[in-house]
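Q: Curious how this folds, go ahead:
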Amino acid sequence: MPETILLEAEEKMEHSLEALHKSFATVRSGRANPKMLERVHVDYYSVETPISQIAGISVPEGNQIYIKPYDKSMLSQIERAIFAANLGVTPTNDGVGIRIVLPPLTEENRRNSVKTIHTMSEENKVAIRNVRRDAITHFKKMEKDKLLTEDDLQYYEDEVQKLTDKFIAKIDEAFHEKEKEIMHI
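A: Next comes the predicted model:
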C-alpha cells in the first residue's frame, strides 16, 4: 500500500513535469516553433478546434511558420484566430496558406519570456510540493490507523522528499535550458 502511494506520487510528478515542457513549448524563443500555435483554436463548423487538426504546419525557414489548411475556406478563420490569440505576430494570407514571419525578439521581449517561464516553473514546483504533501498525509493516516510504524513513516516521508527533490531539480534544469534558448541571440 505505501509503495502504491509512492508510485502514484511519482506518476503525478512526472505528469506535472510533462505539462511544464508543453507549456514551455508555447513560449517564443526567437526560433520558429509550430508548438507556439498549440493554444490557438479555430471555430471549425461551430467546434473550437486546434489549428494542428485542421491544417498542416511547417517551418520553411528558421524564423517562419507556414500553415496550410486542409480546407482552403478556413484561411480567414485561421488568420482571425491567430490575431485573437495575441501571439505578437502578424499572419500573411497568400491564398493557399498563412505565413507567419517571426520578428527578432527584443531584449525586453526576451526578459518578459524568461519571467513567463520562471512563473511557469514556480507554479509547477508548487504542484510537485502539493503531491508531496498529499502523499505524506496518506502515510500519516496509515500510521494513525496502525498500518505503519513510526520508523516506516519516517522512511516513506524521506522517500517522498527524495522524489520531490529529484523533480524540482528537473524543473530547474528545464527552466535553465529554456532560459538559455530564449536569451541566445
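
Q: is it fair to say T119 lies in a helix?
A: Yes - counting by DSSP: H, G, I helix; E, B strand; the rest coil, T119 falls inside a helix.

Q: Tell me the spacing between it and L147.
A: Noted for T119: a distance of 40 Å to L147, by CB to CB, to the nearest Å. (Glycine included, C-beta is placed from N, CA and C.)

Q: Give me the below-cutoff pLDDT ranges for the chain.
A: Across the chain, the ranges flagged by pLDDT under 70 are 185.

Q: how about the strands of it, start to end?
A: 41-44, 47-50, 55-58, 64-69, 91-93, 98-101 (DSSP state E).

Q: Look up the closest residue to the residue nearest the centre of the chain, ignoring the ones flanking it.
A: Nearest to the centroid of the C-alpha atoms of the chain, with distances taken as CA atoms, centre = their mean, sits S23, at 1.8 Å. Of all residues not flanking S23 in the chain, M120 sits nearest, at 5.0 Å (CB to CB, 6 or more residues apart in numbering).

Q: Any chance of the strands of the chain in CSV with distance to K141 and mean neighbour count as columns?
A: Converted to CSV, those look like this (distance: least, CB to CB, whole Å; neighbours: other CB atoms under 10 Å):
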stretch, distance to K141, mean neighbour count
strand 41-44, 42, 18
strand 47-50, 41, 13
strand 55-58, 48, 17
strand 64-69, 51, 19
strand 91-93, 54, 15
strand 98-101, 53, 18
